[in-house]
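Engineer: Give me a 3D structure for the following:
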Amino acid sequence: MAQAPHTPVLIVEDNAETRDALEQMLRLRGYETVTADDGLDALTYLRGGGGASLILLDMRMPNMDGAALQRALKSDPRWAEIPVVILSAFPPDDPGDAVAVLRKGAIDPEDLLSVVERSCAK
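Structural biologist: Okay, here's the model as predicted:
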């Protein structure tokens, strides 16, 4: 297993149980994590100087959905190169430039961890 990055994985998920499970799974593998309840919360974190080695992104959220967050990330050079992995029960037809799209409920945790490891290494 590759060494986990020092910059955290940003988990953007409105469901508290899912967010907590993802955070626990990643931390058990040595990843530092930060969580956001929705896209607006994620932008507030990033605008405040927070960083991310990867963003795990739900698509359907209140206040700012995943697609709107992806557009905001790409419009700012500070965040445009952060890899995004979409993890959603409703994957979009057009995932933009996400490095991977995974369907909630149908993904093996080891597959998710493998995608995270490969994406953080970029």
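Engineer: Please enumerate the strands of the protein.
Structural biologist: 9-12, 33-36, 54-57, 84-88, 100-103 (DSSP state E).
Engineer: Show me what the last one pairs with in its sheet, parallel or antiparallel.
Structural biologist: The strands that strand 100-103 pairs with in its sheet are strand 84-88 (parallel) (by DSSP bridges).
Engineer: I'd like the average pLDDT over the partner strand.
Structural biologist: Computed over strand 84-88, the mean pLDDT rounds to 95.
Engineer: Relative to residue 91, how far out is residue 34?
Structural biologist: Going from residue 34 to residue 91 by C-beta to C-beta, to the nearest Å gives 23 Å. (Glycine included, C-beta is placed from N, CA and C.)
Engineer: got CSV for the strands of the chain, with mean neighbour count too?
Structural biologist: Below are these laid out as CSV (neighbours: other C-beta atoms under 10 Å):
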stretch, mean neighbour count
strand 9-12, 26
strand 33-36, 20
strand 54-57, 27
strand 84-88, 23
strand 100-103, 16
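Engineer: Output the ones you listed in TSV, with distance to residue 73 appended to each entry.
Structural biologist: Output for the strands of the chain, formatted as TSV (distance: least, C-beta to C-beta, whole Å):
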stretch	distance to residue 73
strand 9-12	10
strand 33-36	12
strand 54-57	7
strand 84-88	7
strand 100-103	16
